[in-house]
Every structure is written in C-alpha cells, then in structure tokens.
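# Sharing a model that was predicted from the sequence below.
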Amino acid sequence: MGSFAMFPLGSVLFPHMPLALRVFEPRYLVMMSRVLDQQPCEFGVVLIESGREAAGAEAQRRFGVGTVARVTELGAAHGDLAVIARGGRRIEVVEWLPDDPHPAAVVRDLPELEWDERLRPLLEKAELVVRRTIARASEFVELPWDADAELSEDPSVAAWQLAGIAPLTPLDQMRLLASTSLRSLLTELVELTLGAGEVLTTSWASTDDLDAEIAEALDRRDEDQAASGDDPSDPSDDPEDGEPSPGTEGRDP
C-alpha cells in the first residue's frame, strides 16, 4: 500500500461505469499531470459526505469506500482539462494523507464480487425493475440514463452497470458500492430502486405505488422460481463473504 491520488466528488463512481470530469482547480491539474505520468493512469474516487468539491474554508468529510478510475481519454473544454475515465476495482481508504497539493490516501483493494449462476433470476429481476423505473420516472423528471441503456453480457459487470444507471441518491449508491456479495448488491438494488421510483413519481402519478407492469413481472418471476425450487434471495449458500465498510474517514489534515 502506498500513496494514491484521490479525487473526492459529489457523486458515486461504480465499477465499469464512465466518468467525465472537467478539471480546472490547480491542485487537481497537478494531480492529473502526476497520474498521466504513470502507467496505468489511475486515481481514486470517493463520495464527499460533507463539504464542497472545490477548495474552500470548509473541510471535507469523505466516505471511506470508493472506486479506482482509469483515464481513457483527454481533451480540452473552454480552457479546462476534460478527462474521461472508467470505474475499475473498488478500494477502501486506510488513511488519509496530507494534501500535496491534492488529496491522497493509503488504500487497499476490496475483493471482487464473484458471480454465481444461481443469481441469474435475481439479476433479471433487477434489470426489469431498473429499466421500468427509469422509463416511468423519465416521464416526470430528467434522468442521466435511458431505460434502454446497453449492458455488458458479463453478468458481474451488468450488475454494477445496473447499479450505476438506477435513479438513486448518492447515499443509496454508497450502500450498493459497499456490498459484500452480488446477492446483496442485487437484492438492495431492487429494493432501493422501487423506493426511488415511488419518490420520483409520487407528485404526479395517481396510480398504485408500484407500476403494474413491474408488479406483474415480479409475481411471474416469483412463481417461476417457486416452481423450480430456486430462491435467489436465500443467503444461506452465498459463496461470498467480506467486510468493506461505507464508514467515513476523519476530516482532512
């Protein structure tokens, strides 16, 4: 473990999701020059718990679980540095270091979440709920992702991508990022997305809290699973176990 360049943001970066940045602060321009001088060109992204992204008198508090971003493209935008990166492995902050001049930390990699084919029905349920919630909510609010966003054929990657496109709050996203298994990730993704859908549409929709199409599809899947004797929500045989924590670190030095 060594010093790792960190970029605290007001949003969560998930593995396998894109990140677009406009870098203009001098400290982060220094950071990017250092990042680009090494291979691979990587830096850490964590969610800001309190405080601002830009430098100021107010000290930041940051969550302790984040994601490594690998730079894929560079450009210029109105005199600023435009950076395109992609989320990779998850990390946990062991210790925040003094700014030099940008934030830096000692981090450790978190275990990869392993796919189990028995989770396939749960993945399909999560995809249905996320896509239908986006489609329904987009009638009332502007969302960053379309309901037909393309997913990877790799189920482990697709699970993280669904978490990334779901219309959730940053705090809900942090719960997902800190998941210790794909089963818990997908289970919480379904629950949080259904709740978010009700919140996003409650001011306009007069229909039932749950979209009829989602309810019908979920009932049908539950019946199919019951008939096959497969219960993807049963954690008793989950092969994964870990302990990443979404807890916060102390204030910056």
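Done, it's in.
# does residue 151 sit in a helix, a strand or a coil?
The three-state label given to residue 151 by DSSP: H, G, I helix; E, B strand; the rest coil is coil.
# measure it to residue 138 for me?
Between residue 151 and residue 138 the computed distance is 17 Å (Cβ to Cβ, to the nearest Å). (Each C-beta comes from the backbone N, C-alpha and C, glycine too.)
# With residue 110 instead?
Distance from residue 110 to residue 138, by Cβ to Cβ: 32 Å.
# out of these two, which sits in the busier spot?
residue 110 (21 against 15; other Cβ atoms under 10 Å).
# Assess the claim that the more buried one and residue 94 are in contact.
No - the pair residue 110 / residue 94 is not scored as a contact, 11.5 Å apart, by Cβ atoms under 8 Å.
# so where is the chain shaky, pLDDT-wise?
1-2, 51-58, 200-213, 215-253 (pLDDT under 70).
# At the geometric centre of it, which residue sits there?
In the chain, the C-alpha closest to the average C-alpha coordinate belongs to residue 14, at a distance of 3.3 Å (Cα atoms, centre = their mean).
# how about the nearest residue to that residue, chain neighbours excluded?
Excluding the flanking residues, the one nearest residue 14 by Cβ to Cβ, 6 or more residues apart in numbering is residue 164, at 4.1 Å.
# Would you map the helices across the stretch 1-150 of the chain?
26-36, 120-137 (DSSP state H, counting those that start in this stretch).
# just so I know, which of the ones you listed lies nearest residue 175?
helix 120-137 (14.4 Å; Cβ to Cβ).
# Run a quick neighbour tally on the closest residue to residue 48 other than its chain neighbours.
Nearest residue to residue 48, sequence neighbours excluded (Cβ to Cβ, 6+ apart): residue 8, at 4.8 Å. As a burial measure, residue 8 scores 22 neighbours (other Cβ under 10 Å).
# quick thing: my sequence starts at 894, can you match it?
OK, 894 is where the count begins now, so the last one is residue 901.
# quick one, what contacts the closest residue to residue 925 other than its chain neighbours?
Among residues not flanking residue 925 along the chain, residue 916 sits closest, at 5.7 Å (Cβ to Cβ, 6+ apart). Going by Cβ atoms under 8 Å, 6 or more residues apart in numbering, residue 916 touches 922, 925, 973, 974, 975, 976.
# what sits against the residue nearest to residue 941?
Contacts of residue 901 by Cβ under 8 Å, 6+ apart are 938, 939, 940, 941, 946, 953, 955, 996.
# most tightly surrounded among the helices of the stretch 894-1043 of the chain?
helix 1013-1030 (a mean of 21; mean count of other Cβ atoms under 10 Å).
# about what we covered before: how about the residue nearest to residue 907, secondary structure?
Going by three-state DSSP, the state assigned to residue 1057 is helix.
# so who does it touch?
Per Cβ under 8 Å, 6+ apart, neighbours of residue 1057: 907, 909, 910, 980, 1038.
# would you turn these into JSON lines with distance to residue 1076?
As requested, the contacts of residue 1057 are exported to JSON lines (distance: Cβ to Cβ, whole Å):
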{"residue": "907", "distance to residue 1076": "17"}
{"residue": "909", "distance to residue 1076": "18"}
{"residue": "910", "distance to residue 1076": "20"}
{"residue": "980", "distance to residue 1076": "21"}
{"residue": "1038", "distance to residue 1076": "24"}
